[in-house]
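Engineer: Build me a model from this:
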Amino acid sequence: MRTNDFRGIHGAGRGGAKGNDFCASASWLIAHLLLVAAFALLPCALLAIYAALADGPAESRALRGLILGVAGTGFVVPAVGVEVFAMPVIARLYLDGVTGVAPALRWIYWGPMTLVLIMGLITLAVGAIELARAPHGKAVCCPAGPA
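Structural biologist: Take a look at the predicted model:
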């Protein structure tokens, strides 16, 4: 993979750089803004699940799930910010013919951001598992369905 080729890093295919501006498109931006909204609301959902489980035997496991879920969300959000705000700018510059901006993608995606993103996703997953495995006597609505 060439580091100076925007299409090689992000998988843009046929049509060349001028014919494929997915990263700078309105649909891409809308999808990623919805991702921002989802991660902004996720701690509220985790708190609601914790509140439903807090007065029973599952309180300690639910609290661990809440803490891990919110912490994981905090680690993921910076990567989401890069995707929403930096990627369209880099894509637009590249599509406008500015040379030398594509290596920024390699510095972003092969740098610390990827490690923080992976750490956040793992932490979030462990928190979700803790919440899902918390013993409860009533139905609790979880993001993946009834627990």
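Engineer: Distance of the nearest residue to residue 84 once chain neighbours are set aside relative to residue 22?
Structural biologist: Closest residue to residue 84 apart from its sequence neighbours, by CB to CB, 6 or more residues apart in numbering: residue 32 at 4.5 Å. Any C-beta I mention is one placed from the backbone N, CA and C, and that applies to glycine too. Noted for residue 32: a distance of 11 Å to residue 22, by CB to CB, to the nearest Å.
Engineer: So for these two, which sits in the more crowded spot?
Structural biologist: Taking neighbours as other CB atoms under 10 Å, residue 32 and residue 22 compare with residue 32 leading, 18 against 12.
Engineer: what sits against that one?
Structural biologist: Residues counted as contacts of residue 32 (CB atoms under 8 Å, 6 or more residues apart in numbering) are 80, 83, 84.
Engineer: what comes up buried for the lengthiest helix in the chain?
Structural biologist: Criterion DSSP state H: the longest helix present in the chain is helix 26-53. In terms of neighbour count (16 or more other CB atoms under 10 Å), helix 26-53 has its buried residues at 28, 29, 32, 39, 42, 46, 49, 50, 52, 53.
Engineer: Name the nearest residue to residue 61, sequence neighbours excluded.
Structural biologist: residue 134 (4.2 Å).
Engineer: That neighbour: neighbour count?
Structural biologist: Considering only other CB under 10 Å, residue 134 is surrounded by 23 other residues.
Engineer: Residue 98 too?
Structural biologist: Residue 98, neighbours per other CB under 10 Å, totals 11.
Engineer: Can you tell me the SS state at it?
Structural biologist: When classified by DSSP: H, G, I helix; E, B strand; the rest coil, residue 98 comes out as coil.
Engineer: tell me the least confident of the contacts of residue 32?
Structural biologist: Within the set of these, pLDDT is lowest for residue 83 (83).
Engineer: show me the contacts for that one.
Structural biologist: Taking CB under 8 Å, 6+ apart as the criterion, residue 83 is in contact with 32, 35.
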